[in-house]
Each structure stands twice: as C-alpha cells, then as structure tokens.
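**Student:** Quick one, fold the following:
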Amino acid sequence: MPYFDAAATAPLHPVAREALLAALDEGWADPARLYREGRRARLLLDAAREAAAEAVGCRPDELVFTPSGTYAVHSGISGALAARRRVGRRLLHSAVEHSSVLHAAARHEAAGGTLSEVPVDRTGRVAAEDVAAALRADTALVCLQSANHEVGTEQPVEAVADRCREAGVPLLVDAAQSLPWGPVPGGWSLLAASAHKWGGPPGVGLLAVRKGTRFSPQGPQDERESGRVPGFGNLPAVIAAAASLRALRAAAESGPDEAARLRRLVDRIRVRVPELVPDVEVVGDPVRRLPHLVTFSCLYVDGESLLHELDRAGFSVSSGSSCTSSTLTPSHVLRAMGVLSEGNVRISLPYGTPEEAVDRFLAVLPEVVRSVRERLGVPAGPAASATRQAPGSPTAAAPETVTPEAATGSPGGLVLDALGKRCPLPVIELAKVIGEVPVGGTVTVLADDEAARLDIPAWCAMREHEYLGERAAERGAAYMVRRRV
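**Tutor:** A predicted model of the protein is given here:
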C-alpha cells in the first residue's frame, strides 16, 4: 500500500531502527552518571549531538534535544521572547506558519504580548521586503518556516535572515519539513525540527540556539541539556534520530540524488493531474519547493470522501481541506494563499518511493474524483443547470433560489440560498445555477460556511467569472458573482 504522507511523518529509516535496537542495549543508562554505564551513555549522546549539529549547520554546544518538534518551537519562542522582554513584546510571523508556532503566538498574546502577521503571495511565499517593512523597534522575534508543511513552498530564509540581522532581531526557523533535505541556509538565530519528519523515531525534536542569541529558558529547569530541557530524555530514540539524519546526509553526498528523483516524480504529478482530472488547481510554488511534496485541490469534491476513497484504493494521503476538519474551517495556509480549499490532496513521497506507485496513483485518481463528484450531483459542465443532475440523488435536487428582494431588499440578479450547507455544496450549487443568468448577470450566494469565503472567489478565477466581493447578511455572508462566459 503506497504511503504518500511523509510530510506528516516519514517511515522509520532502516538505520534508525538498527541504531534504536542497539541503543536499547548500550544507551539505556543515565548520561549524567560517572560509572561505566553512564559514561557509555554520555559518549553516545555526545556523538548524537555532534551528528545532528553537523546536519543542522551549527556547533554541538548550540543544540539540545527536546521531546518533540512542537516542544522545540514553543521553547524557542518563549525563551527568545523572555530574553528580549526589555526590547519589546512584539512577535512577527508569516501567515502560513505551522500550528505549533500559531499556538505559541496565541499564548504570547494572551500573556500581554502583541502579534503581527506577514502575508504571503498566491504560492504561499513571503517577500523579504515585507518582513523588513514589518520590523519595528519593539519587535522581539521573527518566526519563519523554511518550507511550508501543506504546499511545500520554500521561504526566502537567507534574505529574511539578512533583514533581521540588519535590524538586530533574532530569527527562529521552523525547519521540520526541510531539514531532511539539507541544512537551512542563512544567518538564522534559532532553529527547531522534529525527528519523525526525516525517518527518526517520534518523541525527539531538536532546538538550536546560536551563540550570541539572547535566550532565557522558561518553565522547569535542571542541569540537563544546558538547562533548556528538563528531565531524563529518551536517549535510545535520540541516538536513532541522529543516526538516521546522518545516514540521509551521507546518502545524498555519495549516492544517487534521491531528492532529484523524487522531484521528477512530483513534477509528473503536477503536470498530469490537471490533464487527467478536470477542474483541478495545483497550488504552491512550482519551482522553489520541497522535492517530495505536491498539493492540489479538486472543485466540487468533499475532501474527506476523497481521502477515504483513495485509502480504499490503497493510497495514504493527507489534506488541508476544510472538508476534512472537525471545525469545518478552511486551512489557514490555503486561506492565506487565497486558493481553492475544497477537495484538497497533499502528496508527500517518502524516500525510496517507486515510480510504479506514482503511475498507479495517476491511473486511479480520475475515477476516484469522478465517483465522488457523481455522488454529490455535480453538474456535467461548468454552467449546467439543475436539470442535468443525476436523478433520484438527494444531493442532486435543484438548488433553492429566492428573489433578490426577499434576500437583500434590492432588485437585480439571482440569489442562491446555500445557508446551512457545507463545503463543497455552496460551490456546487453555484455551478448549477450560473447558467440561469445571462452573460453579465449576477448570482448572489448566501452562505454561512466559512470555506465559501475562500472557495467562491477561487471558483470564479477557475471558471473565468467575475467575483464582485462579499457583504454581511442576516446569517453568514452574501457572495456576489457576475457571469462572464
């Protein structure tokens, strides 16, 4: 069964498995003790730290191991902010950071700090000039991921680091997604990562704080890990994590270029999916991206159903779609990019993915999408009316329309009542009725599903209609669309 979700967690690397088993025999003792078993454990810990530091591009005494990547992020943010409290309490981050950064930021704000968010373009990339423009005298810390976890877009870390250095502000980089593929360039100040992203065991993260960076650890402290991570860590897992990271680096330097091979497979997916499946938007930067990750969104598709059908077909994939979320809110990453969120699929290929697995995925996907759309009663064409729906299906009934006066109190155009209907139904019903208005006419969609705010403008762009904006309604919002074709 092909596993295509390495961005969530990579399969355990064979070297990590071997190192873990060996460390359970040799590295179980307390490395802080002076007897033989403790000295042996200390040697193994020091070797792991040196290997991880070399892969990160820092000094061994700048790096500590943490219980997770999330812990590393939270500890890095809180420690840097506490150390620079006299400078200011303003935290600056991009709009597409991982939830661990956003949660740490929310906690900082609840404690009286202030936040500023840097927007991204439609590929999910920030501009270094925008970061520089947002820097102020009271900015205590900047957070920027090295590459996005949902769409794979790489960020201009080196350029942003230069701007931060000129302003005297430290930069924390979340390198969880990119570290498996190489060191993060640039003069970053703090760096966090997670071992299970590169094939190490779960429960191991790392935090690097470069010399000269002001840092004040928060929370419980003891003598371990430079006072930054209390408690007796999982030494066998740490050893296995460092061993797998070192093995990846050695393979990249001495053997065939796995990153280049996976990039070619991803390029094939990026090109072929829009050719094989109608009404698809491939998102993320097509060039400046991680080699193994591609994300696309399918119009008129329930993301949860799509993932279940792919799972039944033997493919394990992920999604940032609002349709897979228990809160029914769009992915904050896709929302910040302004791209389609419904029917979202993220493919992230682990090391060693065979070409045949990608070919089989491309062969299966069109029928999977077609079957999900058929169950939802999707129009046969972009401007089909409700009479073209599959008869007898409860989702194929004609969408409810109301007079403009009843909905808005003003004449003109058609009003579609999609209140109470969830992604992707508002967009599906818009597609059903758009053909009922003349070219130049308007449709106003009444919807209270948060995803509609993102998906209706994206649908207009894909269908070459004009999105006129939104306005508040008694319930939800009214989204206005002008038919152009």
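**Student:** so residue 239 is in which element?
**Tutor:** Element membership of residue 239 [criterion: DSSP states H and E] is helix 235-254.
**Student:** Let me know the angle separating the very next helix or strand once past that helix from helix 235-254.
**Tutor:** Next helix or strand after helix 235-254 toward the C-terminus (DSSP H and E): helix 258-276. With axes from the mean of the first three to the mean of the last three CA atoms, to 10 degrees applied, the angle from helix 258-276 to helix 235-254 works out at 80 degrees.
**Student:** Show me what counts as buried in helix 258-276.
**Tutor:** Within helix 258-276, the residues that qualify as buried are 258-259, 261-263, 265-266, 269-270, 272-273, counting by 16 or more other CB atoms under 10 Å. For every residue, glycine as well, the C-beta is placed using N, CA and C.
**Student:** ok, residues contacting the helix holding residue 239?
**Tutor:** The contact list for helix 235-254 (CB atoms under 8 Å, 6 or more residues apart in numbering) reads 12-13, 15-20, 22-24, 27-28, 31, 41, 44-45, 47-49, 51-52, 54-55, 65, 179-180, 182, 195, 198-204, 258-259, 351.
**Student:** and it, what's its mean pLDDT?
**Tutor:** Here helix 235-254 scores 93 as its mean pLDDT.
**Student:** Now do it: distance to the chain's middle.
**Tutor:** 24 Å (CA atoms, centre = their mean, to the nearest Å).
**Student:** and it, C-alpha only, in CSV?
**Tutor:** The C-alpha coordinates for helix 235-254 follow below in CSV (Å, rounded to 0.1, in the frame of the first residue of the first chain):
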residue,chain,number,x,y,z
LEU,A,235,18.4,8.5,24.8
PRO,A,236,17.9,5.5,22.6
ALA,A,237,15.4,7.5,20.4
VAL,A,238,17.8,10.4,20.3
ILE,A,239,20.6,8.2,19.1
ALA,A,240,18.4,6.6,16.5
ALA,A,241,17.2,10.1,15.3
ALA,A,242,20.8,11.4,14.9
ALA,A,243,21.9,8.2,13.1
SER,A,244,19.1,8.4,10.6
LEU,A,245,19.8,12.1,9.9
ARG,A,246,23.5,11.3,9.4
ALA,A,247,22.6,8.4,7.1
LEU,A,248,20.4,10.7,4.9
ARG,A,249,23.2,13.2,4.6
ALA,A,250,25.8,10.5,3.7
ALA,A,251,23.5,9.0,1.1
ALA,A,252,22.9,12.4,-0.5
GLU,A,253,26.6,13.1,-0.8
SER,A,254,27.8,9.7,-2.0
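**Student:** Show me the domain layout of the protein.
**Tutor:** What automatic domain parsing lists as the domains of the chain is 14-252, 258-375, 386-482.
**Student:** Format those domains as CSV; extra columns: distance to residue 3.
**Tutor:** Formatted as CSV, the domains of the chain follow (distance: least, CB to CB, whole Å):
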stretch, distance to residue 3
domain 14-252, 12
domain 258-375, 5
domain 386-482, 27
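**Student:** and stretch 426-437, how far from the chain's centre?
**Tutor:** 31 Å.
**Student:** Quick check: residue 211 is in a strand.
**Tutor:** No: counting by DSSP: H, G, I helix; E, B strand; the rest coil, residue 211 falls outside a strand, being coil.
**Student:** Sketch out the helices for the stretch 51-200 of the chain, chain order is fine.
**Tutor:** Counting by DSSP state H, counting those that start in this stretch, the stretch 51-200 of the chain has helices at residues 69-83, 99-110, 128-134, 157-167.
**Student:** Check the ones you listed for me and report the most buried one.
**Tutor:** Comparing those by mean neighbour count (mean count of other CB atoms under 10 Å), helix 69-83 comes out on top with a mean of 24.
**Student:** For that helix, name the packing helices and strands.
**Tutor:** Counting contacts by 3 or more CB pairs under 8 Å, 6 or more residues apart in numbering; DSSP states H and E, helix 69-83 packs against helix 99-110, strand 139-145, strand 171-174, strand 190-194, strand 205-209.
**Student:** Any chance of the ones you listed in TSV with distance to residue 375 and mean pLDDT as columns?
**Tutor:** TSV is the format used below for these (distance: least, CB to CB, whole Å; pLDDT from 0 to 100):
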stretch	distance to residue 375	mean pLDDT
helix 99-110	31	96
strand 139-145	36	98
strand 171-174	38	98
strand 190-194	37	98
strand 205-209	42	97
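**Student:** To residue 81, which of these lies closest?
**Tutor:** Nearest to residue 81 among the helices and strands packed on helix 69-83 is strand 139-145; the distance by CB to CB comes to 5.3 Å.
**Student:** hmm, who's touching that closest one?
**Tutor:** The contact list for strand 139-145, computed with CB under 8 Å, 6+ apart, reads 77, 80-81, 84-85, 87-94, 96-98, 101, 105, 116, 126, 131, 135, 155, 157, 160, 164, 167, 169-177.
**Student:** okay if I get the buried residues of helix 258-276 as JSON lines plus distance to residue 246 and pLDDT?
**Tutor:** Formatted as JSON lines, the buried residues of helix 258-276 follow (distance: CB to CB, whole Å; pLDDT from 0 to 100):
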{"residue": "258", "distance to residue 246": "15", "pLDDT": "93"}
{"residue": "259", "distance to residue 246": "17", "pLDDT": "94"}
{"residue": "261", "distance to residue 246": "21", "pLDDT": "96"}
{"residue": "262", "distance to residue 246": "20", "pLDDT": "97"}
{"residue": "263", "distance to residue 246": "23", "pLDDT": "97"}
{"residue": "265", "distance to residue 246": "25", "pLDDT": "98"}
{"residue": "266", "distance to residue 246": "25", "pLDDT": "98"}
{"residue": "269", "distance to residue 246": "30", "pLDDT": "98"}
{"residue": "270", "distance to residue 246": "31", "pLDDT": "97"}
{"residue": "272", "distance to residue 246": "35", "pLDDT": "97"}
{"residue": "273", "distance to residue 246": "35", "pLDDT": "97"}
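**Student:** Would you mind listing which of the contacts of strand 139-145 are buried?
**Tutor:** Here, 16+ other CB under 10 Å leaves 77, 80-81, 84, 87-94, 96-98, 101, 105, 126, 131, 135, 155, 157, 160, 164, 169-177 buried among the contacts of strand 139-145.
**Student:** what's around residue 420, how many residues?
**Tutor:** 12 (other CB atoms under 10 Å).
**Student:** likewise residue 251?
**Tutor:** Neighbours of residue 251 (other CB under 10 Å): 15.
**Student:** again with residue 256
**Tutor:** Neighbours around residue 256, by other CB under 10 Å: 9.
**Student:** Tell me which residues touch it, please.
**Tutor:** Applying CB under 8 Å, 6+ apart, no residues qualify as near residue 256.
**Student:** in this structure, what secondary structure element scores lowest on mean pLDDT?
**Tutor:** helix 404-408 (a mean of 42; mean pLDDT, DSSP states H and E).
**Student:** Just confirm residue 112 contacts residue 89, I think it does.
**Tutor:** Yes: counting by CB atoms under 8 Å, residue 112 touches residue 89, with 6.8 Å between them.
**Student:** so where's the chain shaky on pLDDT?
**Tutor:** Along the chain, the parts satisfying pLDDT under 70 run over 321-329, 379-412.
**Student:** mind running it again at 80?
**Tutor:** Scanning the chain for pLDDT under 80 picks out 1, 221, 223, 254-256, 320-330, 379-412.
**Student:** The residue nearest to residue 305 when sequence neighbours are not counted: what secondary structure?
**Tutor:** What sits nearest to residue 305 in space, not counting adjacent residues and going by CB to CB, 6 or more residues apart in numbering, is residue 372, at 5.0 Å. When classified by three-state DSSP, residue 372 comes out as helix.
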